[in-house]
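[1] Please find the sequence and the predicted model below.
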Amino acid sequence: MGTAQDETRRPASRLADYWPSGLAVPAFMISWSILVLLPIVIIVAFSFLQMKSYRVVYEPTLATWTNIIVSERWFTVVRTLRIALTITAIELLLAFPFALWMAKRCRSKSLKAMIVTLLTIPFFLDMSSRIIVWRSILDVNGGINSLLLNLGLIDAPIQWLLYSEFAVHFGMIGSYFPAMVFPIFTSLVLIDDEYIHASGDLGGNPLQTLRYIILPLAMPGIVAGIIFTLVPLMAAFVEPRMLGGGFVNLLGDSINSALQELKYPTAAALSTIVIVALGVLMVVLVKLIGRREGNTSLFQVVQR
Amino acid sequence: MAKPENMGNGIEITRRTALGGMLGASGAAMLGSLPFGTSAASAADNPVVKVYGITSAQMNDWAHIKEAIGITIEWTPTNDDTGVFIRDVISNNVGETHDILIFNGGTQTVLAPQGLLAEIDTANPNLTKWADASKDWTESALVMADGKTFGVPIDGNADSFGYFPEAIGVDPSGSEEVSWGVMFEDERLRGRVGVDRNWSQSLCCAALFLNHAGRQNIADVANPTGEEAKAVVDYLIERKKAGQFRTIFSSFEEQIQLLSNKQVDALNCWEPAVRESNKALNANSVVYAYTVEGYFKWGHAAHVPAQAVDRGNIENIYKVLNYFIDGEYRAYQAIDRGYAGPNMDLGVEYAKAKGWEADKVQSIQNTADKVARKFAKPFVNLPAPPNADAIEEEWQRFLNA
Amino acid sequence: MTAAAIDTDNRNADPAMRRVHVRDHLRTASRIAVLLGGGALALIYLPLLWLAVMSFARNPLSGIPMPLTTMHYQAILNDVRWVKPLLTSIALSAIVALVCMIAATLVARAAIRMRKPGVMLLVSLAPLFIPGLTMGAALFISLRMLMNLTLGLWSIFLAQFIWAFPFALLMVLIVASRFDTRLLHAAEDLGATPWQRFWDIEVPLLRPGIIGAGIFAFLLSFNELLRSLFVRGQDTTMPIYNWIMAASQQSQVPIIFALTTLVLFVTLPITAASFWYVFVKLDKS
């Protein structure tokens, strides 16, 4: 990617000098670009083709695009984005305070190790079986409804606890929590306690310390956390299937359904919308943070 | 399994013995049951037939076939996803590495015209049981394309829906014929019905119901045109909005859970889900319906890829195909899964000859009777109907509604 | 949520009183933070505990744990078809993790030294914006249909690497973006060789990010299904095996519940021990 010619701050710190990155990185980036950009080009190109009895017809057409607009299929992208953004926001609210506590207030290293363990383990376990368990808890004759009925808090079982958008959101909160905590925790751990103490000594209250010291320094972690959560959420299919009960049709299922009939163009068109939507979202996010936190590029070295 | 089959093969013994020594007896037993050492096993005197197929057509133990006809089956499993199967055959060339392809019968209408499948030689001397099999199977849409035979039907069933008899006040014995309307518009079941997310299972059965009720006139319910599918989906959307359906399910586990926790009163599940649920509830709590209108009739077909014909293994391939329509496979599939298939009588004969318990023999007979009764009605499902594009697009409207 | 409360503190004149108030508020804030995080953890572990209980039930999906039985655990021992996919997955994920750690470290340290790393970062992170199934389909079309290659473990590796690398890169970047390159100049002035500067100064400072990258890459790869499905050729990983068995029309739930419980109780001590080692033993500072 022509990294070597980039200007650097000091003559002696040319990238090529930073062995072993110097040669390896350009080589890696060139092959990576081919590997990743080629499929993207193919996706966009395929959305202008059509399938006839499970065979690609190599003849440009807008039929796929008109179809997904007429059948309102594109709307699954909007619905998925809405749910993914809601969950990302919820996770951020849950995870940031918790990560801050873990990084700065939790004194016991063993406890910290235990929490990190608990956050890691779910990745090893089968998603479907974890989620299917919720069904017997949330259903009309499930645990929560029985409890509420017995306590006399409700007269009839609550229907919307299961097979609803509520259930899908509820199921997702646990699943995507670790992905938000990890990067934020990593960035918070790195903040030198001296800065925080200095802020206090200079008369800054905790809120000011949070706003002017911790948040800017944790920003790379927060952005990474948002990406780590939002991106897998866009492909979520276990929760909407198991807990949405066919009332919450999301992107992953829509693409899957198209591919079961080998409708590559339809899957490609839906994906093109996602790529554009996520791209716009990220640009907005980076611009917003950039404006708030001054002009420093997000992942640039903190220049002191 | 760790014991070498062929004592003349010295290398094989050494290798296995060494492994056994290294890993201990249990480790070796484990390895033995995995498809290791496959290349050594394909010697002429230890024939192997490689199958790429859907898991539900598998026997619980392939040792039976090894014992019966001396052929080792090597199975590469796949799911029931039509797209994946067709992709693997067309683009991934599974035919170059596998001898038999097993999937929901009907994909030959897509694959055969492209020259990917070999026509079945129904007169092959190793295919001894073909002539005995009923034409309901051997000449059905499960295996035919353009008037030629491109597959051997190996098992199948007629799917309907499971229901709790007391919920709709019918005879608990379950032999009474019930209308599909129970699922779609019975007021007593409002909000107590589960629908399969798979459109060929749900949309086509709704089409069957609407046709029978005289509300639609769909020429082929297994392959409605875009317009016809639209009409059916409009009806289903109206029912969905009216609150008839509690949930739309997609996995076998969900089917069992919905029935065994009594979360629904009716759902168009697979028959094994009813069997599983009745194990958790009392026997015969859930009934798998005999219907007024008809059934989603499906079957697994075994195809021979075009590339397999000249590999010198064709004799063994036909022996395996024949095994699939003979008594032993029939008997085990009926006992293990409740599936029927061609030559059910041979299954009963086999079980009697082997001295199986009376209730097992009876259960095979029951499966035979059940399927004979159900197969008299329409319709045979097509896993890859020509209008799949348009139907799938319409079905998305239902899911999004 | 405690923001308003803390804000009023500012107007408190007496510094000593103020410090006490701040401490109280911080304690309340900590409690709320722990409550939120603990709640989220409970959402993860309540179903897992219930699942572990039900793995001993005769009918795990019935919602009633009785009668208790160990039959599903015996069934696991009798059916060993899942062993090979599991071993394949573990080995593959380990390789993906290793390659990700190396590549992410090299790219991240290059990125922080560039004045305009924007394009490089965008290209590196691009796979994040492509839905998994689509990426799988696109890779399948390019590798198989256009380049006519025979797919197998190598293409699964490639697909999983493309998925995991952006996450690994972000993990290292979080740490690297805080890295002060002047340390290296100082070391250079003191006569350290490039290798010494890299291995003795940079790597230890980047270690939390590199370890995080490895963990994330391993986990993402271990669970990857959507892309692997397209490029698997005829190889089978653990998620693919589970996906295949879902169509077997024989309930896998009893076995999967038992297997999940086993995995839970095997990975828990191992993971705990390794994190304890990283956090308590390695981190003497």
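    Right, received. Where do you want to start?

[2] Which parts of the stretch 151-300 of chain A are helices?
    A:165-189, A:193-201, A:206-209, A:215-234, A:238-244, A:251-260, A:264-292 (DSSP state H, counting those that start in this stretch).

[3] Okay, helices next: where are they in the stretch 51-200 of chain C?
    Under DSSP H, counting those that start in this stretch, the stretch 51-200 of chain C gives helices at C:71-78, C:83-111, C:118-125, C:132-140, C:153-176, C:182-189, C:194-196.

[4] To A:Val41, which of the ones you listed lies closest?
    helix C:132-140 (8.9 Å; Cβ to Cβ). Bear in mind the C-beta positions are built from the backbone N, C-alpha and C, glycine included.

[5] Chain B against chain A: which residues are in contact?
    Residues of chain B lying close to chain A by Cβ under 8 Å from any Cβ of the partner chain are B:81-84, B:86-87, B:90, B:110, B:191, B:195, B:197, B:245-251, B:253-254, B:257, B:261-263, B:384, B:386, B:388-389, B:392-397, B:399-400.

[6] Which residues of chain B lie near chain C?
    B:30, B:33-35, B:52, B:54-56, B:58, B:76-81, B:84, B:87, B:91-92, B:94, B:97, B:251-253, B:256-257, B:260-261, B:270, B:272, B:276, B:279-280, B:336-337.

[7] if we can go back for a sec, mind checking which of the helices of the stretch 151-300 of chain A is nearest C:Phe275?
    Of the helices of the stretch 151-300 of chain A, nearest to C:Phe275 by Cβ to Cβ is helix A:165-189, at 12.0 Å.

[8] Off-centre distance for stretch B:292-299?
    With Cα atoms, centre = their mean, to the nearest Å as the basis, stretch B:292-299 stands 13 Å off its chain's centre.

[9] Also stretch B:112-126?
    21 Å.

[10] any idea how far A:Val116 lies from C:Gly38?
    15 Å (Cβ to Cβ, to the nearest Å).

[11] The two: which has the busier surroundings?
    A:Val116 (24 against 12; other Cβ atoms under 10 Å in any protein chain shown).

[12] which residues sit in contact with the more buried one?
    A:185, C:275, C:279 (Cβ atoms under 8 Å, 6 or more residues apart in numbering or on different chains).

[13] From C:Ala217, how far out is the nearest residue to C:Val99 once chain neighbours are set aside?
    Of all residues not flanking C:Val99 in the chain, C:Phe161 sits nearest, at 6.2 Å (Cβ to Cβ, 6 or more residues apart in numbering or on different chains). Distance, C:Phe161 to C:Ala217, by Cβ to Cβ: 8 Å.

[14] what's the overlap in contacts for the two?
    Counting by Cβ under 8 Å, 6+ apart, the residues touching both C:Phe161 and C:Ala217 are C:96, C:100.

[15] So between these two, which is more surrounded?
    Taking neighbours as other Cβ under 10 Å, C:Phe161 and C:Ala217 compare with C:Ala217 leading, 30 against 21.

[16] Point out where the stretch 1-150 of chain A drops to low pLDDT.
    A:1-22 (pLDDT under 70).

[17] so where do the helices sit in it?
    With DSSP H, counting those that start in this stretch as the criterion, the stretch 1-150 of chain A has helices at A:21-46, A:63-70, A:75-100, A:109-120, A:127-138, A:143-150.

[18] tell me the most buried of these?
    helix A:127-138 (a mean of 22; mean count of other Cβ atoms under 10 Å in any protein chain shown).

[19] quick revisit: which one, of the helices of the stretch 51-200 of chain C, ends up nearest to A:Ser271?
    helix C:132-140 (3.7 Å).

[20] Is chain A within reach of the closest one?
    Yes - Helix C:132-140 lies within reach of chain A by Cβ under 8 Å from any Cβ, at C:132-135, C:137-139.

[21] quick one: terminal-to-terminal distance for stretch B:72-83?
    28 Å (Cα to Cα, to the nearest Å).

[22] same question but for stretch A:70-78, I mixed them up
    The straight-line separation of the ends of stretch A:70-78 (Cα to Cα) is 15 Å.

[23] ok, residues contacting it?
    By Cβ under 8 Å, 6+ apart, stretch A:70-78 touches A:67-68, A:249-251, A:253-254, A:266, A:270, A:273-274, A:277, B:393-394, B:396-397, B:400.

[24] residue ranges for the helices of the stretch 51-200 of chain B, please.
    B:63-69, B:82-90, B:108-111, B:135-138, B:165-168, B:181-185, B:199-212.

[25] Which single residue of the stretch 201-304 of chain A ends up nearest chain B?
    Relative to chain B, the nearest point of the stretch 201-304 of chain A is A:Gly246 (2.3 Å; Cβ to the nearest Cβ).

[26] I figured that residue hits A:Tyr163, correct?
    Yes - between A:Gly246 and A:Tyr163 there is a contact at 7.4 Å, judged by Cβ atoms under 8 Å.

[27] Find residues that contact each of these two.
    In contact with both A:Gly246 and A:Tyr163: B:Thr247, using Cβ under 8 Å, 6+ apart.

[28] Please say which of the two ends up with more neighbours.
    For A:Gly246 and A:Tyr163, the more surrounded residue by other Cβ under 10 Å is A:Tyr163, and the numbers stand at 27 against 23.

[29] tell me the contacts of that one?
    A:243-247, B:246-247.

[30] which non-adjacent residue is nearest the closest residue to chain A within chain B?
    Of all residues in chain B, the one sitting closest to chain A is B:Ile248 (2.3 Å; Cβ to the nearest Cβ). With Cβ to Cβ, 6+ apart as the criterion, B:Ile248 has its nearest non-adjacent residue at 2.3 Å, and that residue is A:Gly246.

[31] Would you pull up how far stretch B:91-110 lies from the middle of the chain?
    That offset, for stretch B:91-110, works out to 15 Å (Cα atoms, centre = their mean).

[32] and what of stretch B:136-144?
    That offset, for stretch B:136-144, works out to 14 Å (Cα atoms, centre = their mean).

[33] what comes up buried for that stretch?
    For stretch B:136-144, burial by neighbour count (16 or more other Cβ atoms under 10 Å in any protein chain shown) applies to B:136-138, B:140-144.

[34] if we can go back for a sec, just the buried ones out of the residues of chain B next to chain A, please.
    With burial judged by 16+ other Cβ under 10 Å, the buried subset of these is B:81-84, B:86-87, B:90, B:110, B:195, B:197, B:245-251, B:253-254, B:257, B:261-263, B:384, B:386, B:388-389, B:392-397, B:399-400.

[35] helix, strand or coil for the most centrally placed residue in chain C?
    Nearest to the mean C-alpha position of chain C, by Cα atoms, centre = their mean, lies C:Phe216 at 2.8 Å. At C:Phe216 the chain is in helix, as set by DSSP: H, G, I helix; E, B strand; the rest coil.

[36] which bits of the stretch 1-150 of chain A sit near chain B?
    So the stretch 1-150 of chain A meets chain B at A:51, A:53-55, A:67, A:71-73, A:75-76, A:128, A:132, A:135-136, A:139-141 (Cβ under 8 Å from any Cβ).

[37] Would you map out the domains in chain B?
    Following automatic domain parsing, chain B resolves into domains at B:47-156+B:298-372, B:161-294.

[38] related to what we said a few turns ago, specify which member of the contacts of A:Tyr163 is nearest to C:Gly118.
    A:Gly244 (38.0 Å).

[39] which non-adjacent residue is nearest B:Thr128?
    Nearest to B:Thr128 is B:Asn322, by Cβ to Cβ, 6+ apart, at 5.8 Å.

[40] How many residues are close by the one you found?
    19.

[41] For the helix or strand harbouring it, buried residues please.
    According to DSSP states H and E, B:Asn322 maps onto helix B:314-324. Within helix B:314-324, the residues scored as buried using 16+ other Cβ under 10 Å are B:314, B:316-324.

[42] circling back to that earlier point, could you dump the contacts of A:Tyr163 to CSV with pLDDT and distance to B:Asn366?
    Below are those laid out as CSV (pLDDT from 0 to 100; distance: Cβ to Cβ, whole Å):
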residue, pLDDT, distance to B:Asn366
A:Leu243, 92, 37
A:Gly244, 91, 38
A:Gly245, 87, 34
A:Gly246, 85, 34
A:Phe247, 90, 38
B:Arg246, 93, 31
B:Thr247, 94, 31
